[in-house]
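A.B. asks: could you work out the structure for the sequence below:
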Amino acid sequence: MSMIRFAVFFSLISMIVTGSSYYFLKKRLNLNESGNNLLFWIHVISTLLMVLGPILYRVYHTSVANKANFVLQFTQYYLMGWIGVIVITFGIAEIIHQAIEKFDPSKRIFLTEGMAKGILATISISSLVGFVQLKMGPKVERVTVKLPNLPKAFDGFTIAQLSDVHIGPLLDRDFARQIVDQTLELKADLIALTGDFVDGTIEQLHEHVLPLKDLKADHGVYFITGNHEYYSGADEWLNHFESFGFHVFRNSNKLIEKKNGNGETEKFLLAGVFDIQGERFSPAHKCDPFKAAEHHEPVSCKILLAHNPNTMKQAKEAGFHLQLSGHTHAGQFYPFSWIARLVHDYYEGLYRVNTKTQIYVNRGTGFWGPPNRLGKTSEITLITLKS
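C.D. replies: Residues are numbered from 1 along each chain as shown. Predicted coordinates:
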C-alpha cells in the first residue's frame, strides 16, 4: 500500500471512529460550553495521534527504542481502544433507546445523562483493568488433545504453541525474553510458532527479536507466517528466522520421528502453510494445505500449523487431524470479544470439527493495537497429545 493510500485510509477510519464517539458523548452527556470544547479537542487530538502514530512507524520506520515514539504509540493505541469501546457501547445503547422510545414514548428516560456518564466511567475503568490484565503477561494454558491416529510412541508428546506475539511498537526485547523463558520452562518436545510474531521491519526489530533465538526443543522449533509478517517483508523475516535455527514451513512438511518401546521408529507428519492473506502480497505465498499434506511416505497422523483458523475449511479436506492456529486474539478484550465470536467459526480453544479433525485456536501470546486484555488473557499453550 502506498504512503498516500495508507495515510488516507487511516485518516478516514480515525475520523469516522472519533467523530462517532464525539457525536454520542456530546448528545448524551449534556455538558456546558467549556465541557463541550474540551470534549471536542480531546477527539481532535486523538484523531491526529491515531493518524500520526501508524504513519511514523509504518512509513517512516521510527525506532522502537525511541522513547518519544513509544509514548506516541502507546497513547494513540490506548485512545483507539477507549474510543472504539465508546462507539460500540453507546451505539448499542442508542439503538436500545430508540427501540424503547418507539415502543413506548413515555419511556424516554432510558439513556439519561446519568446513565451516559455511568457508561463512560465504566468504559474508562475497564480500559485500565484491561491494561493491568495485559501487564500480568501470558498465562500457560495446558490442553490435552486425543488423536486416535497418533502413533503410540507419541502418547504424552508435548507441543508449546506461541502465536500473535506482535513484537513491535509496544512490545520489545524484554517481552520477547519473558515469553522465551516461560516457554523453555515448559520443556516441551516441540515448539510451534503460528505467525504474527513481528510488527515492523528487520531494521526496526532485529535487536528486539534476538531472544527468540534461544527457543530450543528436542524435536525442533517450527515457524509459519501470519498476516502481519507480510506488512513488513515476509520473505526477509522468514530468512531471518531460519538463521535462528527455526524450521520455516512454506506449504511444506516434515516427519517427526520417535522410537517406541520396541525400538521401532514411529512418525507423524507436521506441516505448515502460508497465511491466507499471503497471496495478496505474492502469488508464491498462496496458502495451500493440500500441498502441505503431500508426502511420499504414508502417515497415519497429520498436524497442520496455520495462522488463520479459516484454513480449516481446506485442511480437513486435505486429511489433517489437528490444526493449530491463532489470529483471532479471541477478540483481545470485551466488547470486541463478542464481535470476534460472531465473526469466527473457531474463536478460541479446542474444537472438534468432525469425527477425524480438531482445531486449537490460541488467544495470542502478545497483543496488537490497544494495550488491553480485559477478560481475554494472553496465552502460551502447552498441548499434550494422547493416542
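A.B. asks: how much space separates the closest residue to residue 11 other than its chain neighbours from residue 67?
C.D. replies: Spatially, and ignoring its direct neighbours in sequence, residue 11 is nearest to residue 51 (5.0 Å; C-beta to C-beta, 6 or more residues apart in numbering). The way it works is simple: take the backbone N, C-alpha and C, and place the C-beta from them, glycine included. Taking C-beta to C-beta, to the nearest Å as the measure, residue 51 falls 21 Å from residue 67.
A.B. asks: more crowded one of the two?
C.D. replies: More crowded of residue 51 and residue 67, by other C-beta atoms under 10 Å: residue 51, with 21 against 8.
A.B. asks: next one: phi and psi at the more buried one?
C.D. replies: When read as degrees, to the nearest 10, the backbone of residue 51 gives phi -90, psi -50.
A.B. asks: same check on residue 178?
C.D. replies: Here is the backbone geometry of residue 178 (degrees, to the nearest 10): phi -60, psi -50.
A.B. asks: adjust the sequence numbering to begin at 14 for everything that follows.
C.D. replies: Yes, from this point I'll number from 14; that puts the last item at residue 191.
A.B. asks: burial count for the residue lying closest to it once chain neighbours are set aside?
C.D. replies: Nearest in space to residue 191, with sequence neighbours left out and distances taken as C-beta to C-beta, 6+ apart, is residue 150 at 6.2 Å. Counted with other C-beta under 10 Å, residues neighbouring residue 150 total 16.
A.B. asks: who's in contact with residue 150?
C.D. replies: Neighbouring residues of residue 150 by C-beta atoms under 8 Å, 6 or more residues apart in numbering: 191, 195, 391.
A.B. asks: mind giving me the packing neighbours of the helix or strand of the chain with the lowest mean pLDDT?
C.D. replies: For the chain, using mean pLDDT, DSSP states H and E, the weakest element among its helices and strands is helix 16-42, scoring a mean of 87. Counting contacts by 3 or more C-beta pairs under 8 Å, 6 or more residues apart in numbering; DSSP states H and E, helix 16-42 is packed against helix 46-71, helix 80-116, helix 126-148.
A.B. asks: okay, buried residues for that helix please.
C.D. replies: 20, 23-24, 27, 30-31, 33-35, 37-38, 41 (16 or more other C-beta atoms under 10 Å).
A.B. asks: distance to residue 280 for these - can I get that in JSON lines?
C.D. replies: Output for the buried residues of helix 16-42, formatted as JSON lines (distance: C-beta to C-beta, whole Å):
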{"residue": "20", "distance to residue 280": "51"}
{"residue": "23", "distance to residue 280": "48"}
{"residue": "24", "distance to residue 280": "53"}
{"residue": "27", "distance to residue 280": "52"}
{"residue": "30", "distance to residue 280": "51"}
{"residue": "31", "distance to residue 280": "55"}
{"residue": "33", "distance to residue 280": "55"}
{"residue": "34", "distance to residue 280": "55"}
{"residue": "35", "distance to residue 280": "60"}
{"residue": "37", "distance to residue 280": "58"}
{"residue": "38", "distance to residue 280": "60"}
{"residue": "41", "distance to residue 280": "63"}
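A.B. asks: so which of those residues is the closest to residue 337?
C.D. replies: Ranked by distance to residue 337 (C-beta to C-beta), these are led by residue 23 at 32.0 Å.
A.B. asks: distance of that closest one relative to residue 71?
C.D. replies: Plainly put, residue 23 is 9 Å away from residue 71 if you go by C-beta to C-beta.
A.B. asks: next one: residue 353
C.D. replies: Residue 353 sits 24 Å away from residue 71, going by C-beta to C-beta.
A.B. asks: my read is that residue 325 contacts residue 365, right?
C.D. replies: No. Contact criterion C-beta atoms under 8 Å: residue 325 and residue 365 do not qualify, at 11.5 Å.
A.B. asks: so between the two, which is more surrounded?
C.D. replies: Neighbour tally, residue 325 and residue 365, criterion other C-beta under 10 Å: the higher count belongs to residue 325, 23 against 10.
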